[in-house]
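Asks: Just the structure for this:
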Amino acid sequence: MTDSRKTMRQSDRTPPGNGPLVSVVISTYNRPAYLAEALESIFCQTYSNFEILLVRDGGLPVRDVVRQFDDSRLTFIDRDENRGLPYSFNEALSQAKGEYVCYLGDDDKFYPHHLATLLQAILQNPDYGVVYGDLYKAHCRVLGDGRRRVLAKNVEISRDFDRMLMLQFNHALHVSLMHRRDLLNQAGPYNEKLNVLIDWDLTRRLCFYTDFLHVPIVTGEYYAPVGQCDRISVQRRKNVGDYLRNLLTIRTARPPKPWPKVEDLAVLILTQGADETLSTTVRDFWSHSFYPNQIYVPLTEQEHQRLQCGISNVVPVRVAQTDSPTQRLARMLEKTDAPLAAVLTAGIFIPLQDAIYLERSLYPLLRDQQNRTAYEIVEADETHFGAVLRTAVLRDVLRRGFPAESAEELRSAGLEVRKPKHEEYPFQFDNLLCSTELLQLEGQWEQAAKVYHYLACHHGNEIWMRTRQANALYHAGRYAAATNLVRQINQIRPTVTTHLIEARARKKLNDCKTAADLYSRALAIVMGKSTGYQAKAADSLIPKTTNQTLCTQHEETLVWT
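Replies: Numbering: from 1, shown residues only. From the prediction side, this is the model:
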């Protein structure tokens, strides 16, 4: 054991009359050689009022590893049967006492400031129920005796929170996460039917109830073997069909309402009968849209028996054979309480190669303060109508006696109807980022640096974008500019990458002594002799949305070295 464990005061571990403030959950399966290092990284935390809930999910025994840690804060759940990670996490969380929860992989590790940094952030910003930091991806070679030799470390993901992105793709890694435990009462437990992407399933559901706060401080690392990887999550991605089943299950998950942070969407299909065109439209829309929705389909009793789409989130609405399209639309509206509506004609073109479909028109509606505009689906044409608008507006159109099955009919009712502009699409940051990476491949480094500067000024993610800007300036031969920029970053958040950029730039400027020192600092981080963490500088990276430094009821529990 390291000295940092021995110096913890008993009073720091369990304050009188208090239980642990933080619960750290870890599940292990066939990794006894790595587990000791993972547990050691928790016990070495500068913050000490935590508990650890360790689950052996079958596999090799680890009791000998656990015996190395004679600490009452560790609860060991020793189970021979392999039930999977979601089951293990639920089992541990059922016994958790902490107000906040963190997670650690059995082959990953926290840096000593991990819990203190995230806890400080969540206490200073009580409007946020989830905070997350950054992690190094430690590229390693697994040796014959099982030891890992780290070859490089880089911060692969350092992304500010984006709810629309979270609904499509996870950008808050589980090991970097801390959340309020009571949010699980709303979002629900881990889905034990999933066997991959379970971290995204939880973070996606959590974002229905709270905002996430990104703290751009590196607080740990996760391992990525070079070559063959034994991670279960990686192996299970190889079964494409099963992976897609997991993916679509997560995308269509609808946690319990109310949703304080997400507006529900009702997709109303205009059709006069149940046929293959309707089935194809429903199936393709379901698989090519990620925003939370339910699909409403008007069917007679006989048609309901014939429609076999076999997918979730479809709500059949009973109609009469003689009902007009407007009557069918009105009956579907009666069945939903969603504040957003999409009206689609069965058979509308849905490009199967697109990653987003409805969201291109939905995104500007979500940002529209006037709420009197209907945004047409990009693929809508004179034959097949499609648009998104506020449900209250659509109800008002029908109440005033206007039909609503075409763009012209909505215009006749006094609405503005238009297709979204390209600059109104979601993921503008990501589109610009991809374009800038193409500029780099073409050797246009000067132009790439300008775009990174623009992104940092207008789209957040400042440290990430400034780091890329400094790298682009270096490759453009702007060594002095690159040095000045990356030196400022290294004074705030030094990483292996930023040390290397500054070292190379200074070498070009013949400042070899400083370059050698920077290379040494980068190597020390790669070798695990340093984390690069600077407490005073890092403190400035923790956003403060309130004037209160810490919540008074928890102030005494923060223990700093």
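
Asks: make it CA atoms for all contacts and neighbour counts henceforth
Replies: Will do.

Asks: Check the contact between residue 440 and residue 448; I expect there is one.
Replies: Yes. Counting by C-alpha atoms under 8 Å, residue 440 does reach residue 448; the two are 6.4 Å apart.

Asks: shared neighbours, these two?
Replies: Here residue 440 and residue 448 have residue 472 as joint contacts, going by C-alpha atoms under 8 Å, 6 or more residues apart in numbering.

Asks: Which one of those two is surrounded by more residues?
Replies: Neighbour count, other C-alpha atoms under 10 Å: between residue 440 and residue 448, residue 448 has more, with 24 against 18.

Asks: for that one, phi and psi?
Replies: phi -60, psi -40 (degrees, to the nearest 10).

Asks: Pull the contacting residues for it.
Replies: Contacts for residue 448 were tallied using C-alpha under 8 Å, 6+ apart; they are 436, 437, 439, 440, 469, 472.

Asks: Next, count neighbours for the fifth one.
Replies: Other residues near residue 469 number 28, with proximity taken as other C-alpha under 10 Å.

Asks: That one contacts residue 454, doesn't it?
Replies: No. In this structure, residue 469 is not within contact of residue 454 by C-alpha under 8 Å, at 9.8 Å.

Asks: Among the contacts of residue 448, name the ones in strands.
Replies: Of the positions in the contacts of residue 448, not one sits in strands, assigned by DSSP state E.

Asks: Make TSV out of those residues and add distance to residue 245.
Replies: Output for the contacts of residue 448, formatted as TSV (distance: C-alpha to C-alpha, whole Å):
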residue	distance to residue 245
436	33
437	31
439	36
440	36
469	39
472	40
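
Asks: Check the residues you listed and tell me the two furthest apart.
Replies: Distance extremes for the contacts of residue 448: the farthest pair is 439 and 469 at 12.6 Å, using C-alpha to C-alpha.

Asks: from what I can see residue 298 touches residue 278, true?
Replies: No. Taking C-alpha under 8 Å as the definition, residue 298 is not a contact partner of residue 278, at 10.5 Å.

Asks: what residues are shared contacts of these two?
Replies: Contact criterion C-alpha under 8 Å, 6+ apart; residues shared by residue 298 and residue 278: residue 271.

Asks: which of the two has more neighbours?
Replies: residue 298 (28 against 22).

Asks: hang on, residue 398 packs against residue 410?
Replies: No. Between residue 398 and residue 410 there is no contact under C-alpha under 8 Å: 9.9 Å.

Asks: Mutual contacts of these two, please.
Replies: Common contacts of residue 398 and residue 410 (C-alpha under 8 Å, 6+ apart): residue 404.

Asks: Can you pick out the residue with more neighbours from the two?
Replies: Neighbour totals were compared for residue 398 and residue 410, and residue 410 leads with 21 against 17 (other C-alpha under 10 Å).

Asks: now for the helix or strand the more buried one falls within, which elements pack on it?
Replies: Assessed by DSSP states H and E, residue 410 sits inside helix 407-412. The contact analysis (3 or more C-alpha pairs under 8 Å, 6 or more residues apart in numbering; DSSP states H and E) places helix 407-412 against strand 416-418.

Asks: helices or strands up against the strand it packs on?
Replies: strand 373-376, helix 407-412.

Asks: Pull out the buried positions in the last one.
Replies: Taking 16 or more other C-alpha atoms under 10 Å as the neighbour-count basis, helix 407-412 is seen to contain the buried residues 407, 410, 411.

Asks: Show residues contacting the helix holding residue 410.
Replies: For helix 407-412, the surrounding residues in contact (C-alpha under 8 Å, 6+ apart) are 376, 385, 397, 402, 403, 404, 416, 417.

Asks: shaky segments in the protein?
Replies: Applying pLDDT under 70 to the chain flags the ranges 1-17, 228-238, 305-310, 545-561.

Asks: so where does the residue lying farthest from the centre of it fall, helix or strand?
Replies: Relative to the centre of the chain, and counting by C-alpha atoms, centre = their mean, the farthest-placed residue is residue 322 at 47.0 Å. Using DSSP H and E, residue 322 is not contained in any helix or strand.

Asks: For it, give its distance to residue 406.
Replies: For residue 322, the distance to residue 406 (C-alpha to C-alpha, to the nearest Å) stands at 20 Å.

Asks: residue boundaries of the helices in the stretch 151-300 of the chain?
Replies: Remark: helices assigned in the stretch 151-300 of the chain by DSSP state H, counting those that start in this stretch are 163-168, 184-187, 198-206, 232-236, 240-251, 276-287.

Asks: Out of the ones you listed, flag the one nearest residue 366.
Replies: Closest approach to residue 366 among the helices of the stretch 151-300 of the chain (C-alpha to C-alpha): helix 163-168, 10.6 Å.

Asks: Quick check: which helices or strands does the closest one pack against?
Replies: helix 198-206.

Asks: one more time with 10 Å, if that's ok
Replies: Judged by 3 or more C-alpha pairs under 10 Å, 6 or more residues apart in numbering; DSSP states H and E, helix 163-168 is in contact with helix 198-206, helix 240-251.

Asks: which one of the helices of the stretch 151-300 of the chain is the most hemmed in?
Replies: Mean neighbours per residue, mean count of other C-alpha atoms under 10 Å, is largest over these for helix 198-206, with a mean of 22.

Asks: so how far is residue 21 from the residue lying closest to residue 192 once chain neighbours are set aside?
Replies: Here the nearest residue to residue 192 in space, its sequence neighbours aside, is residue 86; by C-alpha to C-alpha, 6 or more residues apart in numbering that works out to 5.0 Å. Distance, residue 86 to residue 21, using C-alpha to C-alpha: 23 Å.

Asks: From the contacts of residue 448, which land in helices?
Replies: If you go by DSSP state H, the contacts of residue 448 have 436, 437, 439, 440, 469, 472 in helices.

Asks: isn't the third one right up against residue 445?
Replies: Yes. In this structure, residue 439 is within contact of residue 445 by C-alpha atoms under 10 Å, at 6.8 Å.

Asks: show me where the stretch 351-500 of the chain has helices.
Replies: Along the stretch 351-500 of the chain, counting by DSSP H, counting those that start in this stretch, helices occupy 359-366, 391-399, 407-412, 428-441, 445-458, 462-475, 479-492, 496-508.

Asks: could the ones you listed be laid out in CSV, adding distance to residue 50?
Replies: Output for the helices of the stretch 351-500 of the chain, formatted as CSV (distance: least, C-alpha to C-alpha, whole Å):
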stretch, distance to residue 50
helix 359-366, 40
helix 391-399, 47
helix 407-412, 58
helix 428-441, 37
helix 445-458, 36
helix 462-475, 30
helix 479-492, 28
helix 496-508, 30
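
Asks: wait, which of these is closest to residue 55?
Replies: With C-alpha to C-alpha as the measure, helix 496-508 is the member of the helices of the stretch 351-500 of the chain nearest residue 55 (33.3 Å).

Asks: Quick one: list the elements packing against that closest one.
Replies: Helix 496-508 packs on strand 148-154, helix 462-475, helix 479-492, helix 512-526, going by 3+ C-alpha pairs under 10 Å, 6+ apart.

Asks: among the ones you listed, which is the most enclosed?
Replies: When those are compared using mean count of other C-alpha under 10 Å, helix 462-475 is most buried, at a mean of 23.

Asks: Buried residues, stretch 123-137. List them.
Replies: For stretch 123-137, a neighbour-count test (16+ other C-alpha under 10 Å) marks 123-125, 128-137 as buried.

Asks: which of those lies closest to residue 283?
Replies: Checking the buried residues of stretch 123-137 against residue 283 by C-alpha to C-alpha gives residue 130 as the nearest, at 33.7 Å.

Asks: Provide the strand pairings for the strand or helix carrying the closest one, with the direction of each partner.
Replies: Using DSSP H and E, residue 130 maps to strand 128-142. Note on strand 128-142: by DSSP bridges, its sheet partners are strand 148-154 (antiparallel), strand 177-180 (antiparallel), strand 211-225 (parallel).

Asks: Include distance to residue 78 when you put the ones you listed into TSV, please.
Replies: Converted to TSV, the strands paired with strand 128-142 look like this (distance: least, C-alpha to C-alpha, whole Å):
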stretch	distance to residue 78
strand 148-154	26
strand 177-180	25
strand 211-225	24
